[in-house]
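Peer 1: Model the structure of this input:
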Amino acid sequence: MLRSLMAAMALLAGPAVAQMPSVEAKACERRGGKIERADEARDLRDEAERFRGNAQNVTRQRDGLLLKLEGGKTAELTDCPYGDGAYAYLYERYDEAGPFYVVRKRASEDFAYALVMKRTGRLYEVYGTPIWASDKLRFLTVACSLSPPRGSLTIAKPSGDGLAIEAEFPLPCEEQSCSARWDFQSWVSVSCTPHDGSGKKGAEFVLTRANDGTWRKFGR
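Peer 2: Numbering: from 1, shown residues only. The predicted structure is shown next:
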């Protein structure tokens with residue numbers, strides 16, 4: 001009886017989700033000399049091709065991107081080509097399910113994606129491109145790199161005017177390269193391959209979403 005009552009209470013309460021912290025676009029610090037990237041012209045040509053699908057809302061002005069928001073407002077992301085901390089923004093696409101713009105942030109020894117909410121202009125930084133479930137209610141990102149050291153899979157969803165994190169799971173990225181896919185709306189398959197090229201089988205597991213909204217891991 002007590003067990004049934006506790007299960008019912010958990011179902012009514014629903015899963016605990018954490019609001020994903022938004023970040024502020026940093027002002028460019030003009031330290032060191034200006035860095036000219038050899039592939040900059042190619043990147044801008046490729047970006048111009050991607051603009052064609054959303055040219056009324058996205059433009060490049062001088063050293064930055066101008067993104068149109070709801071209500072006639074705009075958000076500006078400014079490149080910073082100076083010194084060791086240099087970085088550049090490159091437009092990837094507009095994601096209707098978000099709804100947000102997906103912008104790649106490229107640095108000399110790092111990379112990230114900026115998700116810019118079209119309603120508010122709030123910016124969220126993630127370390128993998130968003131991969132949506134088939135029902136478009138939530139997406140996953142995979143952050144897996146040796147330098148800087150990162151190893152996590154995050155499941156997030158739109159929440160109000162922002163984003164919320166439903167679950168996070170560690171990945172063995174210090175030894176393996178990992179990828180993930182949605183098999184069903186509440187089922188994610190994760191597979192990893194060792195870096196040493198030995199041919200040995202890496203970690204494999206699935207993440208499933210229970211009726212109460214919590215995510216659970218099964219496998220090794």
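Peer 1: make it CA atoms for all contacts and neighbour counts henceforth
Peer 2: Fine.
Peer 1: what's near enough to touch the residue nearest the centre of the chain?
Peer 2: Centroid-nearest residue in the chain, with CA atoms, centre = their mean: Val126, separated by 3.5 Å. Val126 is in contact with Ala112, Tyr113, Ala114, Leu115, Thr141, Ala143, counting by CA atoms under 8 Å, 6 or more residues apart in numbering.
Peer 1: quick one: the helices in the chain?
Peer 2: Shown for the chain, the helices assigned by DSSP state H span residues 2-13, 40-51.
Peer 1: which one of those helices has the lowest average pLDDT?
Peer 2: When those are compared on average pLDDT, helix 2-13 comes out lowest at a mean of 40.
Peer 1: Over to stretch 198-211 now: how far is its first residue from its last?
Peer 2: Taking CA to CA, to the nearest Å, stretch 198-211 runs 40 Å from one end to the other.
Peer 1: same question but for stretch 209-220, I mixed them up
Peer 2: Distance across stretch 209-220, first residue to last, is 18 Å (CA to CA).
Peer 1: So which bits of that stretch are buried?
Peer 2: Buried residues in stretch 209-220, defined by neighbour count with 16 or more other CA atoms under 10 Å: Gly213, Trp215.
Peer 1: Poorly predicted segments of the protein, please.
Peer 2: Residue ranges of the chain with pLDDT under 70: 1-16.
Peer 1: Quick check: can you list the domain ranges of it?
Peer 2: Following automatic domain parsing, one finds the domains of the chain at 15-126, 131-220.
Peer 1: got the contact list for Val17?
Peer 2: Contact criterion CA under 8 Å, 6+ apart gives Ala164, Ile165, Glu166, Ala167 as the residues in contact with Val17.
Peer 1: distance of it from Arg106?
Peer 2: According to CA to CA, Val17 and Arg106 sit 29 Å apart.
Peer 1: Over to Val58?
Peer 2: Counting by CA to CA, the gap between Val58 and Arg106 amounts to 18 Å.
Peer 1: same thing with Arg60?
Peer 2: Arg60 sits 16 Å away from Arg106, going by CA to CA.
Peer 1: again, but for Glu70
Peer 2: When distance is defined by CA to CA, Glu70 is 26 Å away from Arg106.
Peer 1: Next: Ala48.
Peer 2: Taking CA to CA as the criterion, Ala48 is separated from Arg106 by 17 Å.
Peer 1: Also Trp182?
Peer 2: 27 Å.
Peer 1: How about Trp187?
Peer 2: For Trp187, the distance to Arg106 equals 31 Å [CA to CA].
Peer 1: do the same with Arg216
Peer 2: Taking CA to CA, one finds Arg216 at 33 Å from Arg106.
Peer 1: what's the answer for Gln185, then?
Peer 2: Gln185 is 31 Å from Arg106, where distance means CA to CA.
Peer 1: Brilliant, that's me finished.
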